[in-house]
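> got a sequence here, can you model it:
(one chain, ligands or ions: 1)
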Amino acid sequence: LSEPAYLYGDPPPRLVEVPAGARQVSPLQPGALALEDLEPGLASAVVVAAPPGTIERRCVLALALRALRPGGSLVALGPKEKGGTRVRRELEGFGCTVEEASRAHQRICRTIAPDAPVGLEEAIAAGAPRRLESLAAWTWPGVFSWDRLDAGTALLLEALPPLAGRGADLGCGLGLLARRVLESPAVEHLDLVEIDRRALAMARRNVEDRRADFHWADVRQGPPLTGLDFVVMNPPFHELGLEHKGLGLEFIRRAERMLRPGGTLWMVANRRLPYEAELAAQFAQAAQRADRGGYKVIEARA
Ligand SMILES: C[S@@+](CC[C@H](N)C(=O)[O-])C[C@H]1O[C@@H](n2cnc3c(N)ncnc32)[C@H](O)[C@@H]1O
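Take a look at the predicted model:
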């Protein structure tokens, strides 16, 4: 049986060779295996598209080294301005000898897993889930706004009236909006949809409520929710670290399709994001309900 190989994330095409049959272990790809669950010391090769956050990246690199057998190959790469320049030193800190190349704005580091790497457990522990009293919630380094309440989320939490019936929270993150929604006894059911497995795992801990269902899914591809009374969302406008306005527009279209006629969407967005035309095209009515600190809250009726 050939030794397993793994891929974490989506490296830019043609920069690195991904072993044939490598299995995906990114938390951002619904259905993928979990890097932290791989049995230590078995993998022959791991390719890592290194994430931008320092704590998260060191943890991912350490988990990749832990998964590898001694002598297995690790290739880790990242955009120069998004932590890529730090990968080499981080790997050296784990006892690796690193060969570094620079291509297409990426730093590409190649190394062989040492017999006795150092500091892996410390980096893995630093990147693990924890409860933060400042959020009164469970959180995980690397997920959206993991160590502070996002200003947009805060504004929507303030503006949101008690809701009723069946609804969804699209891109639920740690579940802070969902927790608020479920404070209303008139809410019968809430579907939480999130692409980041880690965030969804934390939402499960933060929202312990029999009315809640959790979906590890890309909002653009399902789940097939329909006939809802309400949708709440703080839609993403970044994908893989790059601004992507189309993502928010797609969330708006998906929300409209999920709602029953007359159902309401409550959303928050960065003020400068031009969502109004899409809201006017998709919804019967839309109105701004709050505007503060660079964010706007919009209520739209399907
Ligand atoms: C701006 S954050 C909001 C998180 C949370 N609702 C809050 O207000 O704190 C957007 C969330 O959408 C998730 N996300 C991004 N793209 C997604 C997609 N295509 N499908 C589902 N969730 C997605 C992100 O992982 C992130 O947790």
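
> can you name the residues in contact with stretch 75-90?
Residues outside stretch 75-90 that contact it (C-beta atoms under 8 Å, 6 or more residues apart in numbering): 11, 15-16, 45-54, 57-58, 61, 64, 91, 98, 100, 102, 105-111, 241. All C-beta spots, glycine's among them, are computed from the backbone N, C-alpha and C.

> just the buried subset of those residues, please.
11, 16, 45-53, 57-58, 61, 64, 91, 98, 100, 106-111 (16 or more other C-beta atoms under 10 Å).

> just those: which are in helices?
57-58, 61, 64, 91 (DSSP state H).

> those residues into CSV, with extra columns for pLDDT?
Output for those, formatted as CSV (pLDDT from 0 to 100):
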residue, pLDDT
Arg57, 98
Arg58, 98
Leu61, 98
Ala64, 98
Leu91, 98
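
> ok, the residues you listed vs Arg272, which is closest?
Minimum distance to Arg272 across those is 28.9 Å, recorded for Arg57 (C-beta to C-beta).

> ok, and the helix or strand in this protein with the lowest average confidence?
strand 242-243 (a mean of 68; mean pLDDT, DSSP states H and E).

> that strand: what's the following helix or strand?
Using DSSP states H and E, the helix or strand that follows strand 242-243 in sequence is helix 245-258.

> determine the set of other helices and strands touching that next one.
strand 165-170, strand 228-233, strand 259-270, helix 276-282 (3 or more C-beta pairs under 8 Å, 6 or more residues apart in numbering; DSSP states H and E).

> if we use 7 Å, what do you get?
strand 165-170, strand 228-233, helix 276-282 (3 or more C-beta pairs under 7 Å, 6 or more residues apart in numbering; DSSP states H and E).

> state the mean pLDDT of the helix or strand just after the longest one.
Just to be clear, that refers to helix 276-282. Using DSSP H and E, the next helix or strand after helix 276-282 towards the C-terminus is strand 285-292. The average of the pLDDT scores along strand 285-292 is 97.

> what about the helix or strand following strand 285-292, distance to the chain center?
Moving toward the C-terminus from strand 285-292, the next helix or strand (DSSP H and E) is strand 295-301. Mean-position distance between strand 295-301 and its chain equals 23 Å (C-alpha atoms, centre = their mean, to the nearest Å).
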